[in-house]
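Peer 1: sequence and predicted structure are below.
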Amino acid sequence: QVQLVESGGGLVQAGGSLRLSCAASGNIFEIDSMAWYRQAPGNQRELVAHIRPRGMKVYGDSVKGRFTISDVDAKNTVYLQMNSLKPEDTAVYSCLANVLDGPTDYSGTNYWGKGTQVTVSS
C-alpha cells in the first residue's frame, strides 16, 4: 500500500504564491509518474500538472506560465510552485501517483492523496 500526503495549502491574496508538496510513502519500487489535479465546487476535476520519467512535464492550459511542477526527489516528494494566483485557482488540490511495486510491474497502480484546500481571495 502507498500513502500520499499533500501539504502547503491555505488562504492567499490574488497575485500571491503558494508551494504545495506531495509526499509518497509505503511499498514503492519506483514512481512512474506524479500529477496534481484540482476540483472546485460544481466543477469537474482538472489536470494542473503532470510529470513523467525523464522529466517530461505537462500543464493545464489555465496554469501554464504560472505554475511549476518539480521533479520527484529522492524522498518521493513532488512540489507544485504556484505563482500569480487568481481567485479562479481556488480549489482542492490533490496528488496522484502511479507507483510500480517491483521490477516486473509494468503498469503500476494509481494512488490519490486526500487533497489540500487552496483559497485565493480577490
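Peer 2: Ah, there it is.
Peer 1: with D61 as the reference, measure out to G8.
Peer 2: Distance, G8 to D61, using CB to CB, to the nearest Å: 23 Å. From N, CA and C alone the C-beta is placed, and that goes for glycine too.
Peer 1: more crowded one of these two?
Peer 2: Between G8 and D61, counting by other CB atoms under 10 Å, G8 is the more crowded of the two (16 against 7).
Peer 1: that one is in contact with A23, isn't it?
Peer 2: No. In this structure G8 lies outside contact range of A23 using CB atoms under 8 Å: 10.8 Å.
Peer 1: middle-most residue in this protein, spatially?
Peer 2: W36 (2.5 Å; CA atoms, centre = their mean).
Peer 1: what sits against the residue nearest to I28 when sequence neighbours are not counted?
Peer 2: Closest residue to I28 apart from its sequence neighbours, by CB to CB, 6 or more residues apart in numbering: V99 at 5.5 Å. Taking CB atoms under 8 Å, 6 or more residues apart in numbering, we find V99 in contact with 2, 24, 27-32, 108-111.
Peer 1: check the secondary structure at the residue sitting furthest away from the middle of the chain for me.
Peer 2: Centroid-distance maximum for the chain: T104 at 26.2 Å, with CA atoms, centre = their mean. Secondary structure assignment for T104 (DSSP: H, G, I helix; E, B strand; the rest coil): coil.
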